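> My questions are about this predicted structure, shown below with the sequence.
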Amino acid sequence: MNSTQLKCFISLAKTLNFTKAAREMFLSQSAVSKNIKNLEKELKVSLFDRTHHKVALTRSGQIFYNHVSLTMNETENVISNLRQGEVTDKPKIKMGYTDLPFEKKWLPIALNLINTRTHFELIPYFVDPGHEKNISKLLTDKTIDFMMMQKDVFMASKNIHYERLFEKGFSVVVLENDPLFLKQSINFQDLSGRDIYLWNGNDNFPSIESLKYSLSSDMFNINFKEESDTSTLIAYVRAKMGIGIVPSVLYNKADTDLRYIPLNSDEKLSYGMVFSENINQPEVMKDVSRFISLAVRIAKVDF
């Protein structure tokens with residue numbers, strides 16, 4: 001893997017067009033294609049779907065892009081600062097992050113705020129969102145220093161400190177032309193008689209269990225199927241097989257054919273910073289928490 005391959009990948013991921021990527025890279029289309037193929041061969045995954053003259057990122061490609069683009073940006077900033085003689089040896093704090101849409105809004109702002117207004121450097125570290133059970137180990141063995149996560153993931157974890165930042169509920173995912181599409185909020189009564197896919201990434205989430213209980217109560221008697229993968233749930237909705245219920249933080253503005261409509265329920269998910277209680281710099285975590293809260297407000301994340 002080399003820098004040219006990564007730059008070709010980032011350019012194609014942004015443009016989804018080989019001609020535009022080649023022009024941006026000052027290379028031929030065949031050279032861009034060769035670099036992408038060599039990168040895919042080395043990674044042993046397909047990064048792009050190429051069908052009917054269209055290019056789209058695969059799931060693996062999207063995850064790889066989220067990770068590499070942040071890393072490349074940080075590298076370019078370091079190079080720029082080196083050339084200007086502005087690099088200092090700041091203490092480094094590693095933050096775990098996933099590929100969730102809401103993170104893409106506030107994370108770049110948080111990086112800028114923390115890296116320009118504090119005496120330490122924030123380093124993003126990609127964590128596969130499908131392996132939450134490993135996050136406690138990443139924290140305790142200091143692979144990462146902290147991460148923004150929902151509290152339910154760490155309910156039974158020892159030596160993990162949680163600091164609440166905000167709380168959000170659930171949204172109903174509906175396709176355009178659905179009878180519910182124009183509603184501003186949805187009640188349980190609106191779900192009666194519908195085929196429903198409920199996101200449940202972890203059977204032990206108290207908020208999910210509480211929502212399941214409400215849906216199944218005699219008052220509403222709503223039938224639903226559980227789905228652990230968000231992409232699959234969205235595919236069912238697009239296939240007109242039903243509607244979905246997901247945590248509101250999974251709202252994705254890129255889904256222009258869908259609406260994520262707030263569900264009127266008392267069940268909430270708490271989100272905040274998690275870090276090991278044995279962390280050496282507790283005062284740093286206070287500053288990090290403050291700037292991340294500010295970044296979320298600045299981004300005006302709509303979920």
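On my side now, so go ahead. Computed from a predicted model, the values in this text were never measured in an experiment.

> low-scoring pLDDT stretches of this protein, where are they?
70, 73-89, 129-133, 154-157, 202-204, 278-282, 300-303 (pLDDT under 70).

> Would you state the strands of it in chain order?
48-51, 54-57, 92-97, 121-126, 146-150, 160-168, 170-175, 196-199, 225-227, 243-247, 258-262, 269-276 (DSSP state E).

> Export those strands as CSV, with columns for distance to residue 112.
(C-beta placed from N, C-alpha, C; glycine too.) As requested, the strands of the chain are exported to CSV (distance: least, C-beta to C-beta, whole Å):
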stretch, distance to residue 112
strand 48-51, 29
strand 54-57, 25
strand 92-97, 13
strand 121-126, 9
strand 146-150, 16
strand 160-168, 18
strand 170-175, 29
strand 196-199, 31
strand 225-227, 36
strand 243-247, 27
strand 258-262, 27
strand 269-276, 18
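
> Please work out which of those strands is packed deepest.
Ranked by mean neighbour count under mean count of other C-beta atoms under 10 Å, these are led by strand 243-247, which reaches a mean of 25.

> Show me what that one is in contact with.
150, 168-175, 178, 180, 191, 194-199, 211, 224, 227, 230, 233-234, 236-237, 260, 263, 269 (C-beta atoms under 8 Å, 6 or more residues apart in numbering).

> Please report how far residue 68 lies from residue 61.
Going from residue 68 to residue 61 by C-beta to C-beta, to the nearest Å gives 10 Å.

> Tell me which of the two has more neighbours.
residue 61 (22 against 17; other C-beta atoms under 10 Å).

> Geometric centre of this structure: which residue is closest?
The centre of the chain sits closest to residue 100, judged by C-alpha atoms, centre = their mean, with a distance of 1.2 Å.

> any idea which residue of this protein is furthest from its center?
What lies farthest from the middle of the chain is residue 218; by C-alpha atoms, centre = their mean that is 35.5 Å.

> Would you map the helices across this structure?
With DSSP state H as the criterion, the chain has helices at 3-15, 18-25, 29-43, 59-83, 101-117, 135-140, 206-216, 230-238, 282-299.

> Make JSON lines from the ones you listed and add distance to residue 93 to it.
Converted to JSON lines, those look like this (distance: least, C-beta to C-beta, whole Å):
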{"stretch": "helix 3-15", "distance to residue 93": "24"}
{"stretch": "helix 18-25", "distance to residue 93": "33"}
{"stretch": "helix 29-43", "distance to residue 93": "28"}
{"stretch": "helix 59-83", "distance to residue 93": "13"}
{"stretch": "helix 101-117", "distance to residue 93": "8"}
{"stretch": "helix 135-140", "distance to residue 93": "13"}
{"stretch": "helix 206-216", "distance to residue 93": "29"}
{"stretch": "helix 230-238", "distance to residue 93": "29"}
{"stretch": "helix 282-299", "distance to residue 93": "6"}
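
> and of these, who's closest to residue 52?
Across the helices of the chain, residue 52 has its closest neighbour in helix 18-25 (14.0 Å, C-beta to C-beta).

> who does the closest one touch, helix- and strand-wise?
Applying 3 or more C-beta pairs under 8 Å, 6 or more residues apart in numbering; DSSP states H and E, one finds that helix 18-25 contacts helix 3-15, helix 29-43.

> Cheers, nothing more for now.
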